[in-house]
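Q: model this:
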Amino acid sequence: MTSFNNTGPNQKKTALVVGASGIAGSAIVEHLQQQGGWDILALSRRPVPGQTARHIAADLSSPENLSAALHPEQPTHVFFTAWARQATEQENIDVNAAMLRNLLAALGHAPVEHVALMTGLKHYLGPFEAYGSGPMPDTPFREEEPRLPVPNFYYAQEDELWAAAERQGFGWSVHRSHTVVGHAVGNAMNMGLTLAVQASLCREEDRPFVFPGSETQWNGLTDMTDGGLLAEHMVWAATTDGARNEAYNVVNGDVFRWRGMWPRIAAYFGVEPEGFQGAARPLEEQMQGAAQSWKALADRHGLVEPDVSRLASWWHTDADLGRNVEVLADMGKSRDRGFTGYRRTDASFLRLFDRYRDEKIIP
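A: From the prediction side, this is the model:
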C-alpha cells in the first residue's frame with residue numbers, strides 16, 4: 001500500500017500526540033522520532049522527563065485552555081491516547097467524550113488530515129461496571145461485531161470522532177488494543193510495571209510471586225499489545241492509503257497462557273512463581289502495606305521513584321487477570337490492509353523490565 005500525505009512530498013508532517021506522558025502516547029512520540037520526517041507536539045499536563053518533542057501543556061477538560069494552547073499550532077495528524085478514569089461509566093462518558101470533543105473543536109483551524117483514536121477491548125467486554133458480565137461476542141473478537149447494549153465511553157468517543165470527521169473533513173482510525181505492555185511512570189493502567197513492582201517486593205521480602213487472577217486466565221489463552229506495536233499501528237493507519245476510516249483491533253499477534261508466562265516473569269526477577277490455587281488472590285489484598293515497603297526498598301537501592309502509587313496499578317491488573325472469560329482479538333482486518341507488525345509478548349515484558357532497571361525505576 002502507498003502512503004498519502006496532503007502536505008506534499010517535501011513538506012514535514014506535524015503530529016499532535018495527546019496523552020504523551022502515557023504508555024501509548026510516549027511510544028508514539030518515540031516511534032515518530034525514529035521514523036523521522038515529523039514535527040512532533042507532545043500534549044500532556046506536564047512535560048515527560050527525557051522527552052525531546054515540543055511539549056504543549058493543556059487541560060483537555062477546558063475548551064478555553066485548549067483553544068489558547070492549540071491556536072498557534074498546525075498539526076496534520078492527531079494521535080489521541082488520553083483518558084480520565086471516573087467513578088461511574090456515565091461519568092466516564094461525560095468526561096472522556098468531552099475531552100475528545102474539546103480537542104477536535106480546538107483544531108478546527110488546523111490542516112488536520114487524520115485523527116487516530118486509541119480505545120480498547122472493553123469495546124467487546126463492556127465497561128468496568130459490567131466488565132465481562134453481560135452479553136459478549138465470541139472470541140476472537142472481530143471489528144464488525146455490533147456494539148453491546150450497555151453505555152460505554154469508547155462508543156461515545158467514536159461518535160465524537162465520526163461527527164468531527166464529517167464536519168472538519170479529516171480521515172480517522174480507531175485502535176482497539178488489549179492490555180498494553182509499555183513504558184510509562186504515573187500511569188493508571190500499567191500491568192508491566194505493576195508486575196515488576198510486585199516481583200521486586202516479593203524478592204526483597206523472600207516470598208513467592210503469587211498469580212492474582214482467576215482460573216480462567218491462568219489456564220486459558222489470551223493476548224496483549226506491546227506499546228511499540230500500538231504506536232506503529234496508529235502511525236500506519238494515519239499515513240497509509242486504504243487504511244483510513246476504519247476501526248481496528250491491535251494485538252501482538254501471538255497468544256499465550258499465564259501458567260506459562262508467570263514462571264518466565266518470575267525467573268527474570270529470581271522469585272518463586274505460585275500459580276492459581278482454588279481462588280483469585282487480588283493484588284489489592286496481597287500488596288497491602290506496599291507503600292511503606294516500596295519506599296524502604298527504593299531507599300536501599302537508590303531508586304528514582306519511592307511512591308509506589310505512581311508505579312503500580314493494583315486495581316487494573318486485578319481486573320485484567322481476574323476475568324472469568326477468554327479474551328482474544330482477531331488481527332485479520334489489519335493484515336488484509338497490509339500491516340505486518342508483530343511482537344512476542346514474553347520478549348515485550350523482558351525488554352520493558354530491562355528498561356525500567358536501566359532507569360533505576362526497579363532494582
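Q: So Asn219 is in contact with Arg259, correct?
A: Yes. Taking contacts as CB atoms under 8 Å, Asn219 lies within contact range of Arg259: 6.0 Å. Yep, even glycine has a C-beta here, placed from its N, CA and C like the rest.
Q: Show me which of those two is the more surrounded one.
A: Arg259 (16 against 12; other CB atoms under 10 Å).
Q: Now do the host helix or strand of the more buried one: which elements does it pack against?
A: Using DSSP states H and E, Arg259 sits within helix 258-269. Judged by 3 or more CB pairs under 8 Å, 6 or more residues apart in numbering; DSSP states H and E, the packing partners of helix 258-269 are helix 191-204, strand 209-210, helix 215-219, strand 273-274, helix 345-358.
Q: Highest mean neighbour count out of those?
A: helix 191-204 (a mean of 23; mean count of other CB atoms under 10 Å).
Q: Check the model's average confidence along that helix for me.
A: Averaging pLDDT along helix 191-204 yields 97.
Q: List of residues touching it?
A: Outside helix 191-204, the residues that touch it by CB atoms under 8 Å, 6 or more residues apart in numbering are 179, 181-185, 187, 208-210, 265-266, 268-271, 283, 286-287, 290, 293-294, 297, 308, 311-314, 316-317, 320, 348-349, 352-353, 356, 361-363.
Q: which residues are contacting stretch 256-271?
A: Here stretch 256-271 has contacts from 195-196, 199-200, 202-203, 208-209, 211, 213, 217-223, 272-273, 275-276, 321, 345-346, 349-350, 353, using CB under 8 Å, 6+ apart.
Q: er, stretch 58-77 actually
A: For stretch 58-77, using CB under 8 Å, 6+ apart, the contacting residues are 6-7, 13-16, 18, 41, 43, 45, 56-57, 82, 84, 95, 98-99, 102-103, 105-107, 109-116, 238-239.
Q: Ends of it, what's the gap?
A: 18 Å (CA to CA, to the nearest Å).
Q: How about stretch 147-160?
A: End to end - CA to CA - stretch 147-160 spans 16 Å.
Q: So which residues of the stretch 1-150 of the chain form strands?
A: 13-18, 38-44, 54-57, 77-80, 114-120 (DSSP state E, counting those that start in this stretch).
Q: now the angle between strand 13-18 and the second one, please.
A: In this case it means strand 38-44. 10 degrees (axes from the mean of the first three to the mean of the last three CA atoms, to 10 degrees).
Q: swap in the last one?
A: For strand 114-120 against strand 13-18, the angle by the same axes, to 10 degrees is 30 degrees.
Q: tally of neighbours for Phe276?
A: 21.
Q: That one and Ala164: what is the separation?
A: Distance, Phe276 to Ala164, by CB to CB, to the nearest Å: 45 Å.
Q: so where is the stretch 101-250 of the chain shaky, pLDDT-wise?
A: 131-134, 188 (pLDDT under 70).
Q: where do the helices sit along it?
A: Using DSSP state H, counting those that start in this stretch, the helices of the stretch 101-250 of the chain run over residues 122-125, 153-168, 191-204, 215-219, 227-239.
Q: how about those helices in a markdown table, adding distance to Phe141?
A: Output for the helices of the stretch 101-250 of the chain, formatted as a markdown table (distance: least, CB to CB, whole Å):
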| stretch | distance to Phe141 |
| --- | --- |
| helix 122-125 | 4 |
| helix 153-168 | 13 |
| helix 191-204 | 19 |
| helix 215-219 | 16 |
| helix 227-239 | 16 |
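Q: And the ones you listed: which comes nearest Pro137?
A: In terms of CB to CB, the element of those nearest to Pro137 is helix 122-125, at 5.6 Å.
Q: For Ile265, see how far away Thr139 is.
A: From Thr139 to Ile265 the distance is 24 Å (CB to CB).
Q: same check, this time on Met191
A: 11 Å.
Q: Asp226 pairs with what?
A: Taking DSSP bridges as the rule, Asp226 bridges to Val181.
Q: List the buried residues of the helix holding Arg259.
A: Trp258, Arg259, Met261, Trp262, Ile265, Ala266, Tyr268, Phe269 (16 or more other CB atoms under 10 Å).
Q: which among those residues gets closest to His123?
A: Trp258 (22.6 Å).
Q: measure the closest one to Ala20 for me?
A: Distance from Trp258 to Ala20, by CB to CB: 31 Å.
Q: Once you drop chain neighbours, what's closest to Leu352?
A: Once flanking residues are discounted, Leu352 sits nearest to Gly192: 4.7 Å by CB to CB, 6 or more residues apart in numbering.
Q: Kindly check the end-to-end length of stretch 130-138 for me.
A: 17 Å.
Q: repeat for stretch 235-243
A: 10 Å.
Q: Next: stretch 14-27.
A: Per CA to CA, stretch 14-27 runs 16 Å from first to last residue.
Q: Show me how far that stretch is from its chain's centre.
A: 10 Å (CA atoms, centre = their mean, to the nearest Å).
Q: mean confidence score for that stretch?
A: 95.
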